[in-house]
Structures are given as C-alpha cells and as structure tokens.
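Visitor: Pasting the sequence and the predicted coordinates here, then a few questions.
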Amino acid sequence: MGSLGSPRSTSFPNSKPSATQNGQASELETSPSPFPRNLLAEKTHMSRSESAKKKIKNKEILKPKIVTGDVGYVLEDVPHFSDYIPGVPSHPNPLQDNPAYSVVKQYFVDVDDTVSQKIVVKQNSKKGTHFRRAGPRQKVYFESDEVQACIVTCGGLCPGLNTVVRELVCALFDIYGVTKILGIKGGYKGFYSCNTIELTPKKVNDIHKRGGTILGTSRGGHDTVKIVDAIQDRGINHVYIIGGDGTQKGAAMIYEEIQRRGLKVAVVGIPKTIDNDIEVIDKSFGFDTAVEEAQKAIYAAHVEAESHENGIGLVKLMGRNSGFIAMYATLASRDVDCCLIPESPFHLEGEGGLLEFIEKRLKENGHMVIVVAEGAGQDLIADSLRNTNHDASGNKLLLDVGLWLSQKIKEYFSGKKKMRVNLKYIDPTYMIRAVPSNASDNIYCTLLAHSAVHGAMAGYTGFTVGSVNGRHAYIPYHRITEKQKKVVITDRMWARLLSSTNQPSFLSHEFIKNVKGEETDLGSHFYLENEYALCNGSITDAIEKM
C-alpha cells in the first residue's frame, strides 16, 4: 500500500500532479428535487431551456487525476465532488454508530491507503501504479435522508447480477440508512422511459438465488443527455451501473455530463463480464460460477466420447476475444484433450495441424474431448461465410465455430482417412450464464457492492470498483475500458494447460518469429526461453524452468 492525501489533494514527498485541474465548476445549476412518492407513475420531463443547455456545454471536463511521487510512485486517482463543487459539506460517517460494526478494530480506511497494481517486483523496481483503496471513510458527503439512489443492469446476463443488486440495496439501507432506492428496468433506455421499480431489502431478499437480473437488461439505448436529464429531473444523486466495458464507457459519458453540469451525483460502475476480460481487476464476478457450470458440459462430452468407438466430445464455451472460461474449465476438468482459444492460433490440416492431432489422439486413446472458445478459429472460416454484422453494443456477431469445426472433423475422417468417428457437439453457451452465482461469487459480489456504496457516500464519483491483487480499489473508468484482458499464451497458466491436455501449442515458427521480443505482463521471458518447447508441444523442460 502507498500513501496519498485527502480526497481533494494528494501529498507525497516531492509529489506533483501530472495534469492541473483547470478551474472549478460553478455552483449547482439545479438542486436535487424531492423524491416523489408517485414517481413510478409519473412521466419524466426531459426538456431544458436553451440558455441552460448553452451553459452546460461551456463546462470543462476535468482531466484524469494522476499524481506522481518519489521512486516512480504513480497514483491513478478517481474524481471527488470537492474537485468541482466548491465548499461541498461533509458529515460524520454513520457507520461508527452501527452495532454490526462494533467488533471491527478499525472502522475506516485511512485516506493514505492505496493498492498497488503490481506486487511482483525486483529489488530495483519502481513503485509503479497505485489505486485508491476501497472502503468506508470517516467523512461522508451525503446525509442518509438526502440520498436518492438508482441501480441499472446493462448488457448480457452473468451469474451474480441479482446478488450485486441485492447487496447494493442492503448496503445502502442497512449500513447508511438510505431508504429511497430505484431500480431502472431494461438497461440504459429505462432512464428515459420511466420504467422503474422501488427497491427495498424485503423485495430483494432472496433474488440472489435466481439467475438473470430482476431489473431486466438490454444492449444499446444509451443517450447521454436524455439519461442525465432524467437523473436530474428525478433528483437522483447515486447512480450504480452494472455492466461490461461498453456499459462502463457509457457510464463514463454520464459522469462527464453530470460533472459538466456541476451536479452532486455519484456515478459508480460495477464491471461485469462473464468472459473475465476486463483489464486491471483480478477477475469479474460470475466467472467462477461460469467455470463451475461448464464442468457439467465437459463431463457430459467426456461420457459420450468414452462410450463410443472413436468418440469425440466437442464443447463450445463463451469467450469472444478472451479464452479464460475455456482455459480454466479445461484445467479444472482434467478430462480435456485439446483446448482452443482466440489468443492461440491453430491450423487444421498438414503437419502439426489440429486434424492430425485428433487422429493421433484417437489412435492412442480411442476417444477425446475438445473445448473451443466461441472466438477461436474465426480467421480460418472462409471469407464468404464471415459475418460483418454487429450487435447493439458494437460487438461483432461471430459465426458458430463449434458447428464449423464439427463439419471439418467429419469431412476429414469420412474423406481421406475413411475412418468413422462419433462426434457429439455440446453448446452450453447460454446455460452457464443464466444460473445463480455460486458461494464464491456471492461473497465477491457482496464486497463489490459494499465498496461501491462506501465510495459513493465518501464523495467519490466517476469510478469502478474491483479487486486488484486481492484488495478492493477504486479504479478510473478509462483504465478498465482502454483494452481487453486476454490470456497470455506465454504465461505459466497456459503452459499448465498444455501440460494437462498434452496437446501441441499449434504455434507455427512464423508466428513465433512475429511475436518474438514482444513483452507481456508476465510471460515474455518464459516464452523466449522456451519457444522450441512451446512450438513442438513438448513442455516438460519448460515447466521445470518455472
């Protein structure tokens, strides 16, 4: 952990902001209106005067808060109300009077606490990037009775959505005494379609036992001005947004518009993706459940394959651009003979190709199980079959690599080889994301929700929450949306998978030549030392060097 100053300014020895904040925003243009009892039946008023709109446009967006200190210390801070609202009042945290927390040795997170992004360092390494540690502060910037919160879920389904909603409601109500909480139904478009429900601890009591989201969800529908108009008209001052990288980009735009208007509204993101492809954070909620649920499909494929002569069980799992579910499900199962992910190119025919390996494994064992991530092998599908369409979130619609691979395997063995195979294709794609979250994810969702509420009450805004090296932190939006996290095929985890399946890496020497010298977070040194072993599928020596 590092050190930093108060919410408004950060102080280190010889510290200096890397970018100055250009001026202060003016007083609030509109004070939050009372939360109407009949809000659910009312139609939201969207209009704004031309003068107000012109004034809003002239507000300047604050630059990212980056503070540097001695020995390469960098704090990537998150915005605070005090950055753009002069004289914003604070109050003692009511948590100190909560009997449930009377056993806690230290109620509050120290304002100097930070979380390091990198924990494996050398003796002469710089301190590197840090984030603000999540948790309750001594001072809050909202009285309990003034908080008017809303929660929205966007994008695809994921185990744990209902748990996050439940724990947000319970944290607001039980810890801070907040009683006015709205659920925005149907994703972003619910803000301006008046599609809302009131949320109470009683209403959300057992929703964590169900899959999906009680609020409903959708892709797209983001209109920043309309959404912020609705937030302002309804007097909402806590906005909790649960969704993936596209959703969080939208949340960042909402925060910028709110800051431009000078509103005292906390905008907090809880990142969600079943693919576990969000950068910086250790993992995304629902991932553990998805891996656990995928075991059922892999087990079924193994039983089918083992029960037939030359049986092949083929399982397609989620993983548009990142193969984390496929990799971890394969490692957990130990029944898989081959795992294919988007990050590791493969070729079908010829020496060292996938089809040759399948033939070899069938001759050795009489059966095999293949796990393929949905984004794998897209470059091998014929140009005429490629799909250029996109969904409402801007994601490219992928062709079914499982069906394509099934057909190629059948053609190979029924053609040149004259060898009969029994192939069973199992696609549990939507089954693994529609289930309730398991115990591990339920606990993780609780910590995420509590961190989000503590941050909003402490006056922070424009941030997401997540676990970084086992500690929960407040992370600027741009850090989790700037790129996707991918499986590092030069990392030890991928080597462990190759050792488990005993499959070749399918990497061509040309591919190795292209990536040679490229640095990765963990694996470049390992890769360059062991390129021959990885390329030829014999990784015993490579594992021994770890």
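Guide: Structure's in. What do you need?
Visitor: For Gly470, grab the count of nearby residues.
Guide: Here the number of neighbours of Gly470 (other CB atoms under 10 Å) works out to 8. The way it works is simple: take the backbone N, C-alpha and C, and place the C-beta from them, glycine included.
Visitor: whoops, Val104 was the one
Guide: The burial metric for Val104, expressed as a neighbour count using other CB under 10 Å, is 12.
Visitor: State the distance from it to Tyr141.
Guide: Relative to Tyr141, Val104 is positioned 22 Å away (CB to CB, to the nearest Å).
Visitor: Equivalent analysis for Val267, please.
Guide: 14 Å.
Visitor: ditto for Ile181
Guide: Using CB to CB, Ile181 is found at 18 Å from Tyr141.
Visitor: Over to Phe357?
Guide: 60 Å.
Visitor: Output the lowest mean pLDDT helix or strand found in the protein.
Guide: Comparing every helix and strand of the chain by mean pLDDT, DSSP states H and E singles out helix 524-529 as the least confident one, with a mean of 34.
Visitor: low-scoring stretches of this structure, by residue?
Guide: Applying pLDDT under 70 to the chain picks out residues 1-61, 69-71, 382-398, 417, 508-546.
Visitor: Break it down into its domains, please.
Guide: Domain assignment for the chain by automatic domain parsing gives 16-281+437-481, 287-434, 503-546.
Visitor: how many other residues sit next to Cys154?
Guide: Cys154: 30 neighbours (other CB under 10 Å).
Visitor: ok, now which ones touch it?
Guide: For Cys154, the set of contacting residues under the criterion of CB atoms under 8 Å, 6 or more residues apart in numbering consists of Gly187, Tyr188, Thr217, Ser218, Arg219, Ile241, Ile242, Gly243, Gly244, Thr247, Gly250.
Visitor: For it, which non-adjacent residue is spatially closest?
Guide: Once flanking residues are discounted, Cys154 sits nearest to Gly243: 3.7 Å by CB to CB, 6 or more residues apart in numbering.
Visitor: you'd agree Met457 is up against Glu143?
Guide: No. With contact taken as CB atoms under 8 Å, Met457 and Glu143 are classed as non-touching, separated by 10.1 Å.
Visitor: Settle it for me: which of the two has more neighbours?
Guide: Neighbours were tallied for Met457 and for Glu143 using other CB under 10 Å; the higher tally belongs to Met457 (27 against 13).
Visitor: how close does the more buried one sit to Pro92?
Guide: With CB to CB as the criterion, Met457 and Pro92 are 12 Å apart.
Visitor: Alpha carbons of stretch 203-210, as PDB, please.
Guide: Coordinates of the C-alpha atoms in stretch 203-210 are reproduced here as PDB (Å, rounded to 0.1, in the frame of the first residue of the first chain):
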ATOM      1  CA  LYS A 203     -38.100  -7.000  -2.200                       C
ATOM      2  CA  VAL A 204     -34.600  -8.200  -2.900                       C
ATOM      3  CA  ASN A 205     -34.300 -10.600   0.000                       C
ATOM      4  CA  ASP A 206     -33.900 -13.800  -2.000                       C
ATOM      5  CA  ILE A 207     -33.100 -12.600  -5.500                       C
ATOM      6  CA  HIS A 208     -29.500 -13.900  -5.200                       C
ATOM      7  CA  LYS A 209     -30.900 -17.400  -5.500                       C
ATOM      8  CA  ARG A 210     -32.100 -16.700  -9.100                       C
END
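Visitor: what residues does that stretch touch?
Guide: By CB under 8 Å, 6+ apart, the surrounding residues in contact with stretch 203-210 are Asn162, Thr163, Val165, Arg166, Val169, Cys170, Ile197, Ile214, Pro436, Ser437, Asn442, Cys445.
Visitor: now with 10 Å?
Guide: Counting by CB atoms under 10 Å, 6 or more residues apart in numbering, the neighbours of stretch 203-210 from elsewhere in the structure are 151, 160-170, 173, 181, 183, 197, 199, 213-215, 434-437, 441-442, 445-446.
Visitor: element containing Leu75?
Guide: strand 73-77 (DSSP states H and E).
Visitor: Could you give the separation of that strand from the chain centroid?
Guide: On the basis of CA atoms, centre = their mean, to the nearest Å, the separation between the geometric centre of strand 73-77 and that of its chain is 21 Å.
Visitor: Ok, stretch 492-500 next?
Guide: Between the mean C-alpha position of stretch 492-500 and that of its chain there is a distance of 24 Å (CA atoms, centre = their mean).
Visitor: which parts of it are buried?
Guide: Across stretch 492-500, burial judged by 16 or more other CB atoms under 10 Å covers Arg492, Trp494, Ala495, Arg496, Leu497, Leu498, Ser500.
Visitor: Without its sequence neighbours, what residue ends up closest to the fourth one?
Guide: So the one you mean is Arg496. Taking CB to CB, 6+ apart as the measure, Arg496 lies nearest to Leu331, with 6.5 Å between them; neighbours along the chain are not counted.
Visitor: Spit out the contact partners of the one you found.
Guide: For Leu331, the contacting residues are Val291, Cys339, Met493, Trp494, Arg496, Leu497, Ser499, Ser500, Thr501, by CB under 10 Å, 6+ apart.
Visitor: Ramachandran angles for it?
Guide: Backbone geometry at Leu331, expressed as degrees, to the nearest 10, gives phi -60, psi -40.
Visitor: Look up how far Trp494 lies from it.
Guide: Summarising the geometry, the distance separating Leu331 from Trp494, computed by CB to CB, is 10 Å.
Visitor: Identify the contacts common to these two.
Guide: Overlap between the neighbourhoods of Leu331 and Trp494 consists of Cys339, taking contacts as CB under 10 Å, 6+ apart.
Visitor: what about the strands in the stretch 101-250 of the chain?
Guide: Along the stretch 101-250 of the chain, the segments classed as strands by DSSP state E, counting those that start in this stretch run 114-116, 128-133, 139-140, 149-153, 181-184, 196-198, 238-243.
Visitor: With mean neighbour count as added columns, please give those strands in JSON lines.
Guide: Written out in JSON lines, the entries for those read as follows (neighbours: other CB atoms under 10 Å):
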{"stretch": "strand 114-116", "mean neighbour count": "22"}
{"stretch": "strand 128-133", "mean neighbour count": "22"}
{"stretch": "strand 139-140", "mean neighbour count": "18"}
{"stretch": "strand 149-153", "mean neighbour count": "27"}
{"stretch": "strand 181-184", "mean neighbour count": "25"}
{"stretch": "strand 196-198", "mean neighbour count": "17"}
{"stretch": "strand 238-243", "mean neighbour count": "27"}
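Visitor: So which of those is nearest Ile325?
Guide: With CB to CB, the closest approach to Ile325 among the strands of the stretch 101-250 of the chain belongs to strand 238-243: 18.5 Å.
Visitor: which helices and strands sit right next to the closest one?
Guide: Using 3 or more CB pairs under 10 Å, 6 or more residues apart in numbering; DSSP states H and E as the contact test, the elements touching strand 238-243 are strand 149-153, helix 161-170, strand 181-184, helix 224-234, helix 245-261, strand 266-271, helix 439-457.
Visitor: quick one: that strand to helix 245-261, angle?
Guide: When axes from the mean of the first three to the mean of the last three CA atoms, to 10 degrees is applied, the directions of strand 238-243 and helix 245-261 differ by 160 degrees.
Visitor: what lines up beside strand 238-243 in the sheet?
Guide: Counting by DSSP bridges, the strands paired with strand 238-243 are strand 149-153 (parallel), strand 266-271 (parallel).
Visitor: continuing past the last one, what's the next helix or strand?
Guide: For strand 266-271, the following helix or strand on the C-terminal side (DSSP H and E) is helix 287-306.
Visitor: quick one: buried residues of that next one?
Guide: Buried residues in helix 287-306, counting neighbours by 16+ other CB under 10 Å, are found at 287-294, 297-298, 300-302, 304-305.
Visitor: Measure how far the next helix or strand after it is from the centre of its chain, please.
Guide: On the C-terminal side of helix 287-306, the closest following helix or strand by DSSP H and E is strand 311-317. What separates the centre of strand 311-317 from the centre of its chain is 27 Å, taken as CA atoms, centre = their mean.
Visitor: what bridges to the residue nearest to Cys154?
Guide: Legend: beta-bridge partners of Gly243 under DSSP bridges are Pro271.
Visitor: before we move on, the earlier item: nearest to Val487, of the domains of the chain?
Guide: Nearest to Val487 among these is domain 287-434; the distance by CB to CB comes to 4.6 Å.
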